[in-house]
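Asker: When you get a sec, could you give me coordinates for this:
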Amino acid sequence: MDTRTERYQEHARPISPKNPFSELSVEKYLVPVVFPEKDKVVISISEDVQCFIPSVLAKKGVICVPLAKAEEYVKSYLKEQSREAVTEAVTNTILSTTGFFLLVPPNVEVEAKIISYANALTADKNIIVVEKNSSLKLLHEVQAAGQKTARCSAITVIGKEHATITIFHLLYARNEKTNIVENIVLDAHASLHRVVAHVEGENLKVHSTITLAGEYAQVDDKELFLCSKTQQYVFDTIIHHKASYTVSNAVIKGVAKDAASCKARGIVRIDKDTKQTSSNLSEHVLLLNKGAKADAIPSMEIEALDVQARHSASVSHLDENQLFYAMARGIPLDEARKMIVFGFLSAVSESIPNIQDMLTRKMGE
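Answerer: Numbers count the residues shown, from 1 in each chain. So this is what the prediction gives:
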C-alpha cells in the first residue's frame, strides 16, 4: 500500500461505507454565525455595501475594502497563480471595480457579515481570498428597501491550502431580475461549507462553479429556494474535481407554488487522472399545486475509474395523504402545508440563520 493510499484512508476514515457523505457536514457548521454587539467595526465599503467585523481582526491584517482599492493586490495575486481555474476566476472578477474585496491572512480566524443593498440597478463583482491555515465564517445578505430593482453579481472565492470556509448567501431583495455568478476554487486540504437561500426575486438565475483544484479538498454545498406567483428560478451548479482524493456533496432543495417555475441543473465533473474521489449530487423539488412547474436535471461527467459517485433527483407533488392525516389530528390545512414544506426543506434550512420567518411569510403570500 503506497503512502498516498494510506493518507486517503486516514482522511476518509470518518465516512461511513454505507453513506460516504453522512459525516461530511460537520456539526459545528450547523450553528448559525453569531456576531458580537461589542468590539466590532462597521466598514462602509460603498453606499451599497457594509461589512461588520470585530475590530481586533483589523489589527491582524484582515482587509475588507472596495474592490478598486485592492487592485494592486489582485494583480500581483493573479501573477502568482498557475492553475487555469484560479486565473480565469480572478480575471473575470477584476474586470469591474464595483464590489468588495475581503482578505483573510494566514493563520487567522474570522467571523464577518456583509450586507449588500440592492436599492437601484446594480452590477457588482466581489473577491474573497482565504489564505493558508485560516478560517472564514461569512454571512452575506442581499437586502432591498422595498422597490423592485435589477441586479447582476459575480463572486470569486479562493481558498488556499488548509483553509476552512463557511459561507451563507441569503437573498432577501425583491429584484425584478437577478443574475448571480459564483466561482469558487479550493486548494489542497481546503474545505468549503456553502449554504445559499433564495426566497425573493421575480426572475432569478444562479450559476455556481466550484473547483476542487488541490488534493484532499472538500465541499459541502446546500441550496434552498421557494418560488411563488409567476417567479422563474434557474440554478446551474458545476462541481469540478481536478485533483485526487477530493470529496463533494451538493444538495439542492426547493418548493414551487402558484404559477412559478424552476430548473435545477447540477453537473459533477471528475477529471481523467484523478484517484479516489467521492461525489454526491441530489436535486429535489416539491410542487404545491398543479400550476407550478419544475425540472431537476443532475448529470455526471466522469473520466476516471477510481471514484465513488452518485446522483438523485425528484419532482414530486404535495402528498394528499399527508395532508389528510394531519387534518384528521386537528391541524388546519394551511398549517399542515407549512409543516410538510418545512420538513421537506429542513435538511438545508436548519443551518440557515433567521430563515424560518422568511419561509413562513412566503408561504402565506
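
Asker: three-state assignment of R265?
Answerer: With DSSP: H, G, I helix; E, B strand; the rest coil as the basis, R265 sits in strand.

Asker: what's near enough to touch the closest residue to it other than its chain neighbours?
Answerer: Once flanking residues are discounted, R265 sits nearest to I297: 4.7 Å by C-beta to C-beta, 6 or more residues apart in numbering. The C-beta positions use only the backbone N, C-alpha and C, and glycine is treated the same way. I297 makes contacts with 263-266, 283, 313, as judged by C-beta atoms under 8 Å, 6 or more residues apart in numbering.

Asker: Redo those residues as CSV? Include distance to T166 and pLDDT.
Answerer: Shown next, in CSV, are these (distance: C-beta to C-beta, whole Å; pLDDT from 0 to 100):
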residue, distance to T166, pLDDT
K263, 27, 93
A264, 23, 92
R265, 25, 93
G266, 21, 94
E283, 22, 95
A313, 26, 94
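
Asker: which one of the residues you listed is nearest H207?
Answerer: Proximity of these to H207 (C-beta to C-beta) peaks at R265, which lies at 9.7 Å.

Asker: Quick check: that closest one touching D236?
Answerer: Yes: R265 is within contact range of D236, at 5.1 Å (criterion: C-beta atoms under 8 Å).

Asker: show me where the stretch 251-365 of the chain has helices.
Answerer: 320-328, 333-349, 355-363 (DSSP state H, counting those that start in this stretch).

Asker: The first one - contacts with which helices or strands?
Answerer: To tie it back to what came earlier, the one meant is helix 320-328. Contacts defined by 3 or more C-beta pairs under 8 Å, 6 or more residues apart in numbering; DSSP states H and E place helix 320-328 against helix 333-349.

Asker: just the longest one next, same as before
Answerer: Using 3+ C-beta pairs under 8 Å, 6+ apart, the elements in contact with helix 333-349 are strand 191-198, strand 218-227, strand 247-256, strand 277-287, helix 320-328, helix 355-363.

Asker: which residues of the stretch 101-250 of the chain score low on pLDDT?
Answerer: Low-confidence segments of the stretch 101-250 of the chain (pLDDT under 70): 118-122, 144-149, 172-176, 201.

Asker: ok, back up a step: mind pulling up the pLDDT for the residue nearest to R265?
Answerer: Listed pLDDT for I297 reads 93.

Asker: Quick check: it vs A347, distance?
Answerer: 20 Å (C-beta to C-beta, to the nearest Å).

Asker: Which residues are in contact with K257?
Answerer: Taking C-beta under 8 Å, 6+ apart as the test, what K257 contacts is 226-228, 287-289, 292, 363.

Asker: quick revisit: between the helices of the stretch 251-365 of the chain, which one is closest to E141.
Answerer: Per C-beta to C-beta, nearest to E141 of the helices of the stretch 251-365 of the chain: helix 355-363, 11.1 Å.

Asker: List the buried residues of the closest one.
Answerer: 355, 358-359, 362-363 (16 or more other C-beta atoms under 10 Å).
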